[in-house]
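Colleague: Got a predicted model here, sequence first, then my questions.
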Amino acid sequence: MRNRIRLITLVFIALSATAIHAQQSLDAMIDRNLASLVATYKTLHAAPELSHHEEKTSSFFAGQLRAMGYDVTEHIGKYENPAFVSYGVVAIMKNGAGPVVLIRTELDALPVNEKTGLPYASIVKAKNDAGDEVSVMHACGHDIHITSMLGTAKMLSDLKDQWHGTLIILGQPAEETVDGARAMMRDGLYQKHKNSRRGRTWRCSGNDKRSNRCGRGNSFGAANNREQRKLSAGSGSNHSRLDSRWQ
Ligand SMILES: [Zn+2]
């Protein structure tokens, strides 16, 4: 019995040491990326774009993911209003057999005048969809969501030898006005990842009646299941580009 306890203790110590070493490795990786991620956050915070106008933000997001080795498609989405251009981004990393996992961030900012006085505070003004000039601010935290997503994408790319499956990174436009999620679904988004086992999102209170905070969730937040079923039958210009990548 004593030898058995000793063996179990040794196995526990070995497993603990392995876990501690893995955690230290992850912490070191985060530390190495932290300075550039903070710089990214400040850049994004100082350059917010309103819903339906996320042109530079989506381009930056797509470029970063492309540089990490992701297969990136831009302009995913079809708005009901044909005057709107969709700036949805989908980035895919295939890494052998395994589950398909989707993680999402929003891209847009709010018509809010920033008064924080921070060195990187937004002084951006832009015309809203009604043609009125408004101040713009990342007052909902989509800047930190995008930054966290890029950090996550980088870590998962660097740790490719430690996981298998398909990773889908999604940049959702027009979250604040809700119609960005709907536009992406009208373009066949759900249809294309119907085999996804998991979906993780960053979302905010605007579309979540149960809480009053930003946080992690399990859905796209802005569209219910009935809409999903109805819209998944839709077709769009990006289908042929995405079909071969998601299968
Ligand atoms: Zn939001």
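Modeller: Yes, it's here.
Colleague: what's the lengthiest helix in the chain packed up against?
Modeller: In the chain, taking DSSP state H as the definition, the longest helix is helix 2-46. Helix 2-46 is packed against helix 55-67, helix 142-158, with contacts defined by 3 or more Cβ pairs under 8 Å, 6 or more residues apart in numbering; DSSP states H and E. Backbone N, C-alpha and C define where each C-beta goes, glycine included.
Colleague: Please work out which of the ones you listed is packed deepest.
Modeller: The highest mean neighbour count among the helices and strands packed on helix 2-46, using mean count of other Cβ atoms under 10 Å, belongs to helix 142-158: a mean of 20.
Colleague: Show me how far that one is from its chain's centre.
Modeller: 8 Å (Cα atoms, centre = their mean, to the nearest Å).
Colleague: again, but for stretch 169-185
Modeller: Relative to its chain's centre, stretch 169-185 lies at 11 Å (Cα atoms, centre = their mean).
Colleague: Check which residues of it are buried.
Modeller: Residues 169-177, 179-185 are the ones in stretch 169-185 that count as buried (16 or more other Cβ atoms under 10 Å).
Colleague: What pLDDT is listed against Gln24?
Modeller: The per-residue pLDDT reported for Gln24 equals 79.
Colleague: now the protein, which segments are flagged as low pLDDT?
Modeller: Within the chain, the stretches with pLDDT under 70 are 1-2, 5-15, 190-247.
Colleague: one more time with 80
Modeller: For the chain, the stretches with pLDDT under 80 are 1-19, 21-24, 189-247.
Colleague: hmm, back to that, closest one of the buried residues of stretch 169-185 to Asn113?
Modeller: Nearest to Asn113 among the buried residues of stretch 169-185, counting by Cβ to Cβ, is Glu176 at 15.6 Å.
Colleague: Give me the nearest residue to the closest one, chain neighbours excluded.
Modeller: Leaving aside its chain neighbours, Glu176 sits nearest to Ser51 (5.0 Å; criterion: Cβ to Cβ, 6 or more residues apart in numbering).
Colleague: How about the contacts made by that neighbour?
Modeller: Contacts for Ser51 (Cβ atoms under 8 Å, 6 or more residues apart in numbering) come out as Asp108, Pro173, Ala174, Glu175, Glu176, Thr177, Asp179, Gly180.
Colleague: Surely Gly131 is within a helix?
Modeller: No: Gly131: not assigned to a helix; according to DSSP: H, G, I helix; E, B strand; the rest coil it is coil.
Colleague: OK, contacts around the closest residue to Leu118 other than its chain neighbours?
Modeller: Using Cβ to Cβ, 6+ apart and skipping residues adjacent in sequence, the residue nearest Leu118 is His45, 7.9 Å away. Shown in contact with His45 (Cβ under 8 Å, 6+ apart): Leu118, Tyr120, Ala121, Ser122, His138, Asp143.
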